[in-house]
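# got a structure for you, letters missing:
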């Protein structure tokens, strides 16, 4: 690590531009796989009405099942529909290897109906994450824990979403870590695990800044191949949405069916 930029400072000063792009991509994948698909159903119309500033939102209960309202929502401002997509995600998210919290908190800022547990094996990272939760005014939606991904103490099926950006290369046992992730993921939940520096232009800017700072980015361990991760998922019985490169990085995306095979 460059001496001018310590553990948390590097993420804040160098990596910050990529988090929003990755979260946008991640939420799009999650929402589509949970049934959002751009066509607003009755369940998310309330969020749409709030974001689109419908004048009769206070009487929403009177037209919750109104086809006219649904049609108007689906033909309205694309930007409002995009915001409604972020509100569509509800529940609790576990951020593994959270560092100072930048990635998870970016997701919380964009998704108003999520709460987060921030987990890192490094106590200093958790100190930074706690302080940043206060700075970003997210403390009421956040809890933190110092723990190891290989032996998380949470109960089975505790989280609606499990995310991790940049910590996977540091895990000593990939299969054990993914087995734990799959265990704590709820039925109907999605895990989004991997790493990246955002879209092409952002990635190039970050890499140029890293070079100017003399930051030598070396992987903690050799990366596994797509087929290796597919084999791990097959061995632990995990349902795979996708494994491989996206516009924003490399990701292992898992989904746990609400009805598990016997």
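It's in. Keep in mind it's a predicted model, so treat the numbers as computed, not measured. Numbering: from 1, shown residues only.
# Now do the helices in the stretch 101-250 of the chain.
For the stretch 101-250 of the chain, the helices defined by DSSP state H, counting those that start in this stretch cover 102-110, 123-135, 174-184, 200-213, 226-236.
# Checking my notes, residue 100 in a helix, right?
No: using DSSP: H, G, I helix; E, B strand; the rest coil, the assignment for residue 100 is coil, not a helix.
# What count of nearby residues applies to it?
24 (other C-beta atoms under 10 Å). Yep, even glycine has a C-beta here, placed from its N, CA and C like the rest.
# Tell me who's in contact with it.
Shown in contact with residue 100 (C-beta atoms under 8 Å, 6 or more residues apart in numbering): 7-8, 11-12, 125, 128-129, 132.
# Same list as before, those residues that is, but in a markdown table and with distance to residue 211, neighbour count and pLDDT included.
Formatted as a markdown table, the contacts of residue 100 follow (distance: C-beta to C-beta, whole Å; neighbours: other C-beta atoms under 10 Å; pLDDT from 0 to 100):
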| residue | distance to residue 211 | neighbour count | pLDDT |
| --- | --- | --- | --- |
| 7 | 20 | 13 | 60 |
| 8 | 21 | 19 | 74 |
| 11 | 17 | 23 | 81 |
| 12 | 19 | 15 | 82 |
| 125 | 25 | 23 | 93 |
| 128 | 25 | 25 | 93 |
| 129 | 28 | 26 | 95 |
| 132 | 27 | 23 | 95 |
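# which of these lies closest to residue 187?
Ranked by distance to residue 187 (C-beta to C-beta), these are led by residue 129 at 28.0 Å.
# quick one: the residue lying closest to the closest one once chain neighbours are set aside from residue 136, how far?
Once flanking residues are discounted, residue 129 sits nearest to residue 101: 3.8 Å by C-beta to C-beta, 6 or more residues apart in numbering. Computed with C-beta to C-beta, to the nearest Å, the distance linking residue 101 and residue 136 is 8 Å.
# before we move on, back to that, would you check that the residue nearest to residue 129 makes contact with residue 132?
Yes: with contacts counted by C-beta atoms under 8 Å, residue 101 reaches residue 132, the gap being 4.6 Å.
# what residue ranges in the stretch 51-200 of the chain score low on pLDDT?
Applying pLDDT under 70 to the stretch 51-200 of the chain picks out residues 51-78, 80.
# Can you name the residues that contact the residue lying closest to residue 107 once chain neighbours are set aside?
Nearest residue to residue 107, sequence neighbours excluded (C-beta to C-beta, 6+ apart): residue 23, at 5.0 Å. Going by C-beta under 8 Å, 6+ apart, residue 23 touches 103, 106-107, 110.
# Nearest the middle, which residue of the chain would you pick?
residue 163 (4.5 Å; C-alpha atoms, centre = their mean).
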